[in-house]
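In: pasting the structure only:
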């Protein structure tokens, strides 16, 4: 019987879902509220997870990186910044390399361990990103969501069309594209999706639909060995609803602003805070009962022979 893997991963940043913008104040709430709740939940189920930190929040609050280390979680990079203009799909190659190297150094200096795993902010990458990751000495990427089809609700939608043809199982990428198999040095661990993404945002907004999707993901995993790769954010488990809400519009394009800011931001505030955490625990409990093995992305790559 094939070993079934559940790879729970977390993107740690200063994004305020309530205000649809980046805020240092939100980063502090992530540090003091969201992260402790998430770490306690993982400890309860003996979960080893991967945390992708932006260089910005790591430098702002170094203790947010240090707090995961005693639990045996993996520390990865979520890029240097989560600013819209710093998307890896719009930055030229050299700037991508600089962002990757700078983020890597900031996080490694805090964690005291090598960082080899990366996830792009908002999953935005282009054909230079595979080259940049190699140049910056990364070995693993998890920025591709194979067969996910909600790309027009987020930035970089057109480039994310490559998700539709990307392999579903983990693979070695080509030297020039994270979306294709090849002889490159980067290992791609695709995020789980089945038309809609399987991640904590859809989990909170459509919990019943996510439960059905989770069952399908588990069935697929039992047949093909494909790991469950779930993405969550500790900023989803904080509550900022006591503040007056003003939705920040990040796009100048009217249609894009309506889909990516107005519609999406209104949906994303459902079940924030401890309500969301309770729904997340339901997902973790399911995989525990189904005898899935929880481990970090790096450890998965080692156990399956993808990483020597």
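Out: Thanks, I have the structure now. Keep in mind that what you see is a predicted model, and the values were worked out from it rather than measured.
In: residue 75: how many residues sit nearby?
Out: 26 (other Cβ atoms under 10 Å). For glycine as for every other residue, the C-beta is placed from the backbone atoms N, C-alpha and C.
In: same question for the one 3 residues further on.
Out: Residue 78: 28 surrounding residues under other Cβ under 10 Å.
In: one more: residue 168?
Out: 15.
In: now do the helix or strand hosting residue 27: everything it contacts.
Out: Assigned by DSSP states H and E, residue 27 belongs to helix 24-29. Contacts to helix 24-29, defined as Cβ atoms under 8 Å, 6 or more residues apart in numbering, come from residues 13-16, 19, 57, 60-61, 64, 235, 238, 240.
In: go through it and flag the buried ones.
Out: Within helix 24-29, the residues that qualify as buried are 26-29, counting by 16 or more other Cβ atoms under 10 Å.
In: do the same with stretch 99-108
Out: By neighbour count on 16+ other Cβ under 10 Å, the buried set for stretch 99-108 is 99-104, 106-108.
In: repeat for stretch 80-100
Out: For stretch 80-100, the buried set under the neighbour-count rule, 16+ other Cβ under 10 Å, comprises 80-82, 84, 86-89, 91, 96-97, 99-100.
In: using CSV, please lay out these together with distance to residue 44, secondary structure and pLDDT.
Out: Below are the buried residues of stretch 80-100 laid out as CSV (distance: Cβ to Cβ, whole Å; DSSP: H, G, I helix; E, B strand; the rest coil; pLDDT from 0 to 100):
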residue, distance to residue 44, secondary structure, pLDDT
80, 33, coil, 97
81, 33, coil, 96
82, 29, coil, 95
84, 36, helix, 91
86, 35, helix, 93
87, 35, coil, 94
88, 34, coil, 96
89, 37, coil, 94
91, 39, coil, 96
96, 38, helix, 98
97, 40, helix, 98
99, 35, helix, 98
100, 34, helix, 98
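In: biggest separation within these, which pair?
Out: 84 and 97 (20.0 Å; Cβ to Cβ).
In: and the helix or strand containing residue 134, what does it pack against?
Out: Per DSSP H and E: residue 134 is located in helix 129-135. If contacts are counted by 3 or more Cβ pairs under 8 Å, 6 or more residues apart in numbering; DSSP states H and E, helix 129-135 sits against helix 93-111, strand 140-141, strand 177-181.
In: outside of it, which residues touch it?
Out: 88-89, 93, 96-97, 100, 118, 120, 141, 143, 173-178, 184-186.
In: ditto for stretch 207-222
Out: By Cβ under 8 Å, 6+ apart, the list of residues contacting stretch 207-222 from outside reads 2, 4-5, 192, 194, 196, 198, 202-203, 226-228, 271, 279, 282-283, 286-287, 290, 292.
In: give me the buried stretch members for it, please.
Out: Buried-residue list, stretch 207-222, by 16+ other Cβ under 10 Å: 207, 210, 213-214, 217-218, 220-221.
In: closest to residue 165 among those?
Out: residue 220 (17.8 Å).
In: pretty sure the closest one is in a helix, no?
Out: Yes: judged by DSSP: H, G, I helix; E, B strand; the rest coil, residue 220 forms part of a helix.
In: among the contacts of stretch 207-222, which are in strands?
Out: 5, 194, 196, 228 (DSSP state E).
In: doesn't residue 9 make contact with the last one?
Out: No: here residue 228 lies out of contact with residue 9, judged by Cβ atoms under 8 Å, at a distance of 10.4 Å.
In: circling back: just the contacts of helix 24-29 now: which is nearest residue 137?
Out: residue 57 (21.7 Å).
In: that's a helix at that closest one, yeah?
Out: Yes: judged by three-state DSSP, residue 57 forms part of a helix.
In: okay, it: pLDDT?
Out: Residue 57 carries a pLDDT value of 98.
In: for it, what are its contacts?
Out: 12-14, 27, 30, 64.
In: quick revisit: can you pick out the most distant pair from the contacts of helix 24-29?
Out: Farthest apart among those by Cβ to Cβ are 19 and 64. That separation is 19.7 Å.
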